[in-house]
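In: Here is my input, please return the structure:
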Amino acid sequence: MSHATWLRKRIPIRLTWPTVARELGLSGTRVKRIKTTKLGSEVELRLAPPTTSSTIERLAEGIAVAYGAARVRVRMSELRADLVSVFIDYTRSIGVVPLPDFHHPVGIPLDPLRSFALGIDDDGGTVSGEFYGHHILVGGIPGSGKSNALRVFLSHLSASRNVALFGIDPKRVELTLWQERFTDLVLGNDATETIDLLESLHAEINRRTRHLSTLGSAKLLPSEEFPWIVLVVDEWAEVAAGGSSKERARADELLRRYVSLGRAVGCTAILCTQRPTSEVIDVGTRTLLNERFALRCGDRHQAEAILSAGTIQPGDLIGASVGRALWSDGGPAKPVQFFEVPDLRISFLVCPGYLQSDCESPRK
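Out: Below you'll find the predicted structure:
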């Protein structure tokens, strides 16, 4: 780190910005407001010609170097073209935050339609979402925190009433820890078992569709008779990998049809992959997945295979800390650092006392 950079980290940004702007050719910018964040500082700039928001984005790496920052993120104002927020982050994430205790104090099963607390944003605020009727995609390279992200979703689902979990775990690793809570679980990449499970879920979708047609309604809410069914696939790329090419194609077709047909009748999926490529995540299936979480990726193309083009900025995910993801529901992506769920806590989450009577061993 140069002496000039060292000084800039210790002198207020309002005083050093004119020099940095001049060195980078960002004339026509003025600091309007500075806010301290958990990761560093948010600097709101007022722009004037010839500088535009695109100019700031293009020179984000130069700003990071000037201030000795780990990363600089740029966010345009939704209301005014002459305002832009520059986030100067001296660290890429807040760090590990344990999953809060969200259970009801007297042990009553939780409402599946509630908002799920997933983690924290870059300002330390809680990030939550409502996921009933939504398909979820979680992707990232090995070691990015995908398994922990899946654990956060399973923690909420396991504690909810009227939720039935079905799973496919080709690697026989992550879902085995939760198998007491699964109604049916395929461990390994046996094509016959995988196809049988998917076909049984399609039969359930057809049963629910016929029931829904008698109600005059377009949506089926969770109930004891028709629980929210969540199909969890821990490694999308390995589904039915132990079978023939015809069997793998059949499994892929059934999975796509499940994603396409299940939403309205309370049958959704959480699809996870450590191979976030366009070959694994085809565009047609991705468009059906409402909620997409991209953890650390090897390059921009992998990130866009999950989130789609135009939702992220360069460098947002390359080198990101473990457990930090960008979440998009089709619009611009927003950051979330997933809560941490250690192995020892899973035994208390997988099948709480008030759900013991509902827990059955998979595939009797």
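In: Show me where the chain dips below the pLDDT cut-off.
Out: Residues of the chain meeting the criterion pLDDT under 70: 1-10, 103-107, 309-320, 351-364.
In: which parts of stretch 187-200 are buried?
Out: Across stretch 187-200, burial judged by 16 or more other Cβ atoms under 10 Å covers 187, 189-191, 193-195, 197-198. For glycine as for every other residue, the C-beta is placed from the backbone atoms N, C-alpha and C.
In: brain fart, stretch 167-186
Out: 167-170, 174-175, 177-186.
In: Now do the end-to-end distance for that stretch.
Out: End-to-end span of stretch 167-186 (Cα to Cα, to the nearest Å): 6 Å.
In: Then stretch 52-64?
Out: Span of stretch 52-64 from end to end, Cα to Cα: 18 Å.
In: contacting residues around that stretch?
Out: 20, 24-26, 29, 45, 47, 69-74, 76, 81, 84, 86, 88, 313, 315 (Cβ atoms under 8 Å, 6 or more residues apart in numbering).
In: Mark which of those residues are buried, thanks.
Out: Counted by 16+ other Cβ under 10 Å, these give 20, 24, 26, 29, 45, 47, 69-74, 76, 84, 86, 88, 313 as buried.
In: before we move on, the earlier item: strands - which of the contacts of stretch 52-64 land there?
Out: Counting by DSSP state E, the part of the contacts of stretch 52-64 found in strands is 29, 45, 47, 71-74, 76, 84, 86, 88.
In: picking up where we left off before, as CSV, the buried residues of stretch 187-200 with secondary structure and distance to residue 62 would be great.
Out: Listed next are those as CSV, based on DSSP: H, G, I helix; E, B strand; the rest coil; distance: Cβ to Cβ, whole Å:
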residue, secondary structure, distance to residue 62
187, strand, 50
189, coil, 47
190, coil, 53
191, helix, 52
193, helix, 54
194, helix, 50
195, helix, 54
197, helix, 52
198, helix, 51
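In: Tell me the one of those residues nearest residue 217?
Out: Nearest to residue 217, judged by Cβ to Cβ, of the buried residues of stretch 187-200 is residue 198 at 25.9 Å.
In: Please verify my assumption that that closest one contacts residue 259.
Out: No - with contact defined as Cβ atoms under 8 Å, residue 198 does not reach residue 259; the gap is 10.8 Å.
In: quick one: the strands in the stretch 101-250 of the chain?
Out: Taking DSSP state E, counting those that start in this stretch, the strands of the stretch 101-250 of the chain run over residues 116-120, 126-129, 136-139, 163-169, 182-187, 228-233.
In: a markdown table please, covering these and showing distance to residue 249.
Out: Formatted as a markdown table, the strands of the stretch 101-250 of the chain follow (distance: least, Cβ to Cβ, whole Å):
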| stretch | distance to residue 249 |
| --- | --- |
| strand 116-120 | 34 |
| strand 126-129 | 33 |
| strand 136-139 | 21 |
| strand 163-169 | 16 |
| strand 182-187 | 18 |
| strand 228-233 | 16 |
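In: just those strands: most buried one?
Out: Across the strands of the stretch 101-250 of the chain, averaging neighbours per residue (mean count of other Cβ atoms under 10 Å) puts strand 136-139 on top, at a mean of 27.
In: any idea which residue sits dead centre in this protein?
Out: residue 293 (2.5 Å; Cα atoms, centre = their mean).
In: Any idea what that one is bridged to?
Out: residue 138, residue 327 (DSSP bridges).
In: Give me the distance between residue 339 and residue 205.
Out: Distance, residue 339 to residue 205, by Cβ to Cβ, to the nearest Å: 32 Å.
In: Please apply the same query to residue 241.
Out: With Cβ to Cβ as the criterion, residue 241 and residue 205 are 25 Å apart.
In: Neighbour count: the two, which is higher?
Out: Neighbours per residue (other Cβ atoms under 10 Å) separate residue 241 from residue 205, with residue 205 holding more: 21 against 16.
In: contacting residues around that one?
Out: So residue 205 contacts 258, 261-262, 265, 267 (Cβ under 8 Å, 6+ apart).
In: try it again with 7 Å
Out: Taking Cβ atoms under 7 Å, 6 or more residues apart in numbering, we find residue 205 in contact with 261-262, 265, 267.
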